[in-house]
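Student: what follows is a predicted structure for the sequence shown.
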Amino acid sequence: MSDAPNPLELPAYARSLGITVHGEDAGLPVLTVDFGPMVEGRPQHFHGGATAGLLETAGYAALRTALLAAGRDPQLKPINITVQYLAAGKSKSSFALGRITRLGRRNANVTVEAWQDDRSRPIATAVMNILMV
Amino acid sequence: MTTPPARFDAREASKWFFRHGHTGWLGLRFTDQGDNWVELELPWREDLLGDRSRPVLASGPIISLMDMASGMAIWQASGSFNPVATLDLRVDYQRPARERASVRGRVECYRRTRSAAFVRGIAYDDDPDDPVAHVAGVFMTIGADPREANPALQGSSDE
C-alpha cells in the first residue's frame, strides 16, 4: 500500500538548499530559506538561481496542496517558468508563496511571489505553467 | 610597450567563481566558450533531485546553471566583468533530463545596449540538437547610469 503523498514533503533539491515550510496562508504553504553560503551569489546577496529555486518550489508546493484538496494526485511536469527579479535579495531570510491562477484539467497556471522583510515589496515573482498527467 | 588590459575570460574566471557560494554548492564547471557565449556543466548529484519518482535533476538548479552561464556570456561578450542583475529569465522545458545525467548550459549574449543585455541559450544533456530547455533572459548593467532607477540596488537606497 502506497503512502498518501504529503504535499509539504519537499523534493531533495529543495531540502538540500535549506528550503523549509514556514507556515500557511489561506491553506497554501509559505516556504522560507535562510541566507547562507549555499544561496549566495555576489557577496551578501542571494544568487538569482537560488531565488528562482525558492519560487519554483513554492509554486509546486501550492499546486500540490490545491490538487490534494481537490482529491487529485497527478504527476507534475514543468512546461515553463518566467522569473522577474524586482530587487536584490539581501543577506536575510526569504519567503515565497504560490497562488493558483488557474487550475485546469491538464495544466495549471501558478503565480509565485518572494519577499524578505516586507511582504508588500516582493524581491521576485514567477509565473509557471505546469502540466498534470 | 603597454600591457593590454586583462580581458574577461570565462575559463579563468571559473577557477574562482565556482569555489564558493551557490554555484560552488551546485558544483558548476566550465566546459567551453566563444566570443559571446559560455557553456557550463551542472554535474549529476543525488541530492538535487526534483521528483520523488524519477532520478532526474530538479529544474531549480538548471535555472541557476542558465542564470550563471547568462551572466558569464555577457561578460564574455563585453570583455569586462561589470556586475549585472537579472531582470527577467524565462525557461521553456522541452523534455526531462535523462536519468542520472549531467546537464550543460550554453548561453549566448546576442545583443548589448548601454544598460541592458539580452541572452538566449539551451540546456542539454547529450545532444545540443535535442535540448532539455530553451532559455531567454534580459539583464541590467548595475550602476551604468546613476540617474536611472536601478532594480538591482532597490531596497538599499531607502533603508
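Tutor: That came through, no problem.
Student: in chain B, which spans are helices?
Tutor: B:10-17, B:21-26, B:59-78 (DSSP state H).
Student: most tightly packed of those helices?
Tutor: helix B:59-78 (a mean of 27; mean count of other Cβ atoms under 10 Å in any protein chain shown). Glycine gets a C-beta too; all of them are placed from N, C-alpha and C.
Student: what ranges do the strands span in chain A?
Tutor: Under the criterion DSSP state E, chain A contains strands at A:20-25, A:28-33, A:76-85, A:94-103, A:107-115, A:124-132.
Student: the second one packs against which elements?
Tutor: In other words, strand A:28-33. With contacts taken as 3 or more Cβ pairs under 8 Å, 6 or more residues apart in numbering or on different chains; DSSP states H and E, strand A:28-33 sits against strand A:20-25, helix A:48-69, strand A:94-103.
Student: now mean pLDDT and distance to residue B:44 too, for the ones you listed, in CSV please.
Tutor: Shown next, in CSV, are these (pLDDT from 0 to 100; distance: least, Cβ to Cβ, whole Å):
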stretch, mean pLDDT, distance to residue B:44
strand A:20-25, 95, 25
helix A:48-69, 95, 17
strand A:94-103, 98, 26
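Student: ok, how many other residues are close to residue A:24?
Tutor: Residue A:24: 12 surrounding residues under other Cβ atoms under 10 Å in any protein chain shown.
Student: now do the buried residues in stretch B:125-141.
Tutor: B:125, B:131, B:132, B:133, B:134, B:135, B:136, B:137, B:138, B:139, B:140, B:141 (16 or more other Cβ atoms under 10 Å in any protein chain shown).
Student: for residue A:133, which residues are in contact?
Tutor: A:74, A:75, A:77, A:106 (Cβ atoms under 8 Å, 6 or more residues apart in numbering or on different chains).
Student: quick one: the closest residue to the last one other than its chain neighbours from residue A:90, how far?
Tutor: Right, residue A:106. In space, residue A:106 comes closest to residue A:132 once its chain neighbours are excluded; the distance is 6.1 Å by Cβ to Cβ, 6 or more residues apart in numbering or on different chains. Taking Cβ to Cβ, to the nearest Å as the measure, residue A:132 and residue A:90 are separated by 36 Å.
Student: re the thing from before, what about the residue nearest to residue A:106, neighbour count?
Tutor: Close neighbours of residue A:132, defined as other Cβ under 10 Å, add up to 17.
Student: not counting its neighbours along the chain, what's nearest the residue nearest in space to the middle of chain A?
Tutor: Central residue of chain A (Cα atoms, centre = their mean): residue A:58, 1.5 Å from the mean position. Spatial nearest neighbour of residue A:58, excluding adjacent residues (Cβ to Cβ, 6+ apart): residue A:96 at 3.7 Å.
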